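Novice: Make a model of this:
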Amino acid sequence: MLNWDTYHSELMTRIGDIAALSPDTVAGYSTLSGAGQKTGRLDAKTRELIAIAVAVTTRCDGCIAVHSKKAIEAGATREDIAEALGVAVALNAGAALVYSARVMDAIAEV
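Specialist: A predicted model of the protein is given here:
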């Protein structure tokens, strides 16, 4: 299994390298990343649970490393996280089903 703490540390080092070479790119990301917090409509726990589900659907290990830790810090339980993961699994299955319908549409004229 991956050592997530080590991975997170190494990832932050590499992102620091990118920030040194392209500071506006990382600053732009930081602006986007923090935008949701400013509205106050969703609490931190909910935002982090959404982030975990999206991290799974986009297959982003770095996102998993960052947002899993933040979710726990925001008060998410293992059960909360498992439920968010269930949503991610269902959405991936749903996306496959929708794209299966597209295949059927594509072959309808063949």
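
Novice: For the rest of this, base every contact and every neighbour count on C-alpha atoms.
Specialist: Noted.

Novice: Any chance you could list what contacts the lowest-mean-pLDDT helix or strand in the chain?
Specialist: The weakest-scoring helix or strand in the chain, judged by mean pLDDT, DSSP states H and E, is helix 23-39 (a mean of 92). By Cα atoms under 8 Å, 6 or more residues apart in numbering, the list of residues contacting helix 23-39 from outside reads I15, I18, A19, L42, D43, A44.

Novice: G75 in helix, strand or coil?
Specialist: coil (DSSP: H, G, I helix; E, B strand; the rest coil).

Novice: List the residues that contact the closest residue to it other than its chain neighbours.
Specialist: Distance criterion Cα to Cα, 6 or more residues apart in numbering; nearest residue to G75, sequence neighbours excluded, is K45 at 6.3 Å. By Cα under 8 Å, 6+ apart, the residues touching K45 are A71, A74, G75, A76.

Novice: before we move on, the earlier item: please point out which parts of the least confident helix or strand of the chain sit buried.
Specialist: By neighbour count on 16 or more other Cα atoms under 10 Å, the buried set for helix 23-39 is V26.

Novice: Neighbour-wise, give me the winner out of the contacts of K45.
Specialist: A71 (23 neighbours; other Cα atoms under 10 Å).
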